[in-house]
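[1] build me a model:
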Amino acid sequence: MDRKLLYILTVCVVLSCQKKEEKEACAKDGDKESCEQPAGRKKFDMYEMSEMSLLMEQMYVDNQRLKERIKKGDTIGKFPDHFLKIHKAVMTDDKENDAFFKEQAAKFIKAQQLIYSDPKNAKQHFNNGVDACLKCHEVKCGGPIPRIKKLYIE
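    Model prediction:
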């Protein structure tokens, strides 16, 4: 039994020494990427949101606030001009900025502007804007659909 234990300890020491030697060699070599990443693992790249993604996130937050004002019957305020950036914001994939997207973006902007110019029918215009978002996302990028549906005013 003692021989087996001795054998296991010896194997553990040898293996741990090899890893230590690899780390020391790596540190001397100066190649940080190969040192930091274990063999077979890919380097993690942080996702950066496109201009369009950031704009859509901001529009979502703005519309959450607007929804609450409409539901409470508060004053609507002024149309947020930054919504107009939807026509020029850089997308993750430029090919997605096609005729379909442009048509849906125009419908969205029109519905949003109508909320402010015709506050008596704000609920209907707001829901039309949500419809435009959904129609586009059903074709282009389905990920945010569950969040967008929560914007509807019942």
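[2] which other residues reach stretch 144-154?
    Stretch 144-154 has contacts (C-beta atoms under 8 Å, 6 or more residues apart in numbering) with 56, 60, 63-64, 67, 70-71, 123, 126-127, 130, 133-134, 137-138. For glycine as for every other residue, the C-beta is placed from the backbone atoms N, C-alpha and C.
[3] ChimeraX command to pick out the buried ones of those?
    Here is the ChimeraX selection string for the buried members of these, based on 16 or more other C-beta atoms under 10 Å:
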select :56,63,67,70,123,126,127,130,133,134,137
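[4] from the contacts of stretch 144-154, which is closest to Ala105?
    Closest approach to Ala105 among the contacts of stretch 144-154 (C-beta to C-beta): Cys133, at 9.7 Å.
[5] what residues are up against the closest one?
    Taking C-beta under 8 Å, 6+ apart as the criterion, Cys133 is in contact with Gln104, Phe108, Ile148, Leu151.
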